[in-house]
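Visitor: Below are the sequence and a predicted model for it; my questions follow.
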Amino acid sequence: EGVAVMPDVHYGKGATVGSVIAMRQALAPAAVGVDIGCGMSAVRTNLTAEDLPDDLAALRSAIEAAIPVGFQAHDEPVNPHRIHGLRTAGWDAFWAGFGNLHAEGVAALESRARRQLGTLGGGNHFIEVCLEQGGPDAGRVWLMLHSGSRNIGKELAERHIDIARRLPHNADLPDRDLAVFLADTPEMVAYRQDLTWAQEYAARNRAIMLALLCNVLREAVPIARFDEPISCHHNYVAQETYGGVELLVTRKGAIRAGAGELGIIPGSMGTGSYIVRGLGNTDAYCSASHGAGRRMSRAKARKTFTVADLAEQTAGVECRKDAGVVDEIPGAYKDLDTVIAEQADLVEVVAHLKQVVCVKG
């Protein structure tokens with residue numbers, strides 16, 4: 001039906017990242033990608049910069065101790081009923097849905113999926129403590145994180161992408177990643193059910209991490225209190241109607257920005273993030289960018305920048321400053337302020353945040 005391109009657009013596997021793809025009665029699973037439901041969560045606190053502990057390195061260590069990062073997982077599955085501040089509704093029904101997943105061979109992955117729930121992962125996923133910049137709330141402390149559906153989302157996606165590529169109606173496509181499922185077919189029904197479950201897994205993963213993160217801050221600063229969290233997917237599918245036509249809208253590295261809806265647009269590990277409010281621009285299928293967007297590949301970043309460059313570009317941020325995260329250096333990303341300015345018709349800025357602690361896997 002149509003495609004909208006966001007100002008953070010860049011090359012990606014399956015589809016350009018920063019794209020909104022609206023289809024009638026079809027879905028391209030490779031466009032959704034393998035990190036189904038990846039997205040952001042953030043919460044504003046009652047604290048200001050002066051309330052934070054002097055030793056931010058100790059705070060980062062406490063966060064890393066509470067929330068596994070990289071390839072790590074919890075030793076035992078997290079019990080959501082034992083996490084202070086986490087909503088407990090729907091967990092039994094959610095896990096019952098695992099038994100109804102269609103993708104072949106995923107039943108054996110349930111134990112890992114349970115232990116990875118409430119974990120960060122690696123790559124561009126992060127946990128941050130941020131300070132609001134400017135305005136009447138300058139110095140206000142925010143917590144923010146970025147993660148998705150972990151290994152189970154990847155496993156589900158790869159199985160369905162492979163099925164789509166082998167369907168006869170996709171045989172003559174110029175690129176196998178354009179393969180689609182069609183409405184009213186068993187393959188589409190199976191994919192949408194698994195996709196919906198994985199998107200919920202991602203949302204619950206972030207909810208657990210945010211609750212654990214709040215508890216870490218509360219332990220460090222007992223007076224800490226928290227507003228209602230903001231959460232948004234940026235790799236997902238939603239059924240929406242435009243011009244009276246019901247569409248399946250794939251946001252590949254894009255957030256929904258309906259009128260009045262709050263969203264999160266992060267930059268890199270040294271440049272901060274924005275909280276935004278959607279303007280409901282239907283030309284963009286009510287969407288906005290999901291971040292600054294990369295301006296070079298990870299391989300090129302590792303060849304271009306050094307650990308010294310990383311330390312310089314993340315000055316003032318308590319974070320990893322080693323070779324393992326050089327590919328996440330701010331210089332590998334587009335200028336966030338420019339990307340925000342280029343979508344003034346899509347969102348309005350609510351708050352500009354700058355990180356003082358950044359955790360990466």
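Guide: That came through fine.
Visitor: all strands in the stretch 151-300 of the chain, in order from the N-terminus.
Guide: 181-182, 230-233, 235-242, 245-252, 254-256, 262-266, 273-278, 287-289 (DSSP state E, counting those that start in this stretch).
Visitor: from the ones you listed, which stretch is densest packed?
Guide: strand 287-289 (a mean of 31; mean count of other CB atoms under 10 Å). Bear in mind the C-beta positions are built from the backbone N, C-alpha and C, glycine included.
Visitor: Adjacent strands (with direction) for that one?
Guide: The pairing partners recorded for strand 287-289 under DSSP bridges are strand 254-256 (antiparallel).
Visitor: Other residues contacting the strand it pairs with?
Guide: 4, 6, 18-20, 39-40, 232-234, 238, 263-265, 278, 286-290 (CB atoms under 8 Å, 6 or more residues apart in numbering).
Visitor: Repeat that for stretch 236-245.
Guide: Contacts of stretch 236-245 (CB under 8 Å, 6+ apart): 1, 22, 24, 27, 32, 36-37, 39, 192, 195, 199, 246-251, 256, 282, 285-286.
Visitor: One more: stretch 167-179?
Guide: Under CB under 8 Å, 6+ apart, the answer for stretch 167-179 is 13-15, 28-31, 161, 164-165, 180-182, 187.
Visitor: Now do the phi/psi pair for the residue nearest the centre of the chain.
Guide: For the chain, Gly39 is the residue whose C-alpha lies nearest the centre (CA atoms, centre = their mean; 2.0 Å). In terms of degrees, to the nearest 10, the main-chain angles of Gly39 are phi -180, psi -160.
Visitor: Please give the three-state secondary structure assignment for Trp142.
Guide: Three-state call for Trp142 (DSSP: H, G, I helix; E, B strand; the rest coil): strand.
Visitor: Let me see the ranges of the helices in the stretch 151-300 of the chain.
Guide: 186-220, 298-304 (DSSP state H, counting those that start in this stretch).
Visitor: could I get those as JSON lines with distance to Phe94, mean neighbour count and mean pLDDT?
Guide: Listed next are those as JSON lines, based on distance: least, CB to CB, whole Å; neighbours: other CB atoms under 10 Å; pLDDT from 0 to 100:
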{"stretch": "helix 186-220", "distance to Phe94": "6", "mean neighbour count": "21", "mean pLDDT": "98"}
{"stretch": "helix 298-304", "distance to Phe94": "33", "mean neighbour count": "14", "mean pLDDT": "97"}
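Visitor: Please identify which of these is closest to His146.
Guide: The closest approach between His146 and any of these, judged by CB to CB, belongs to helix 186-220 at 8.4 Å.
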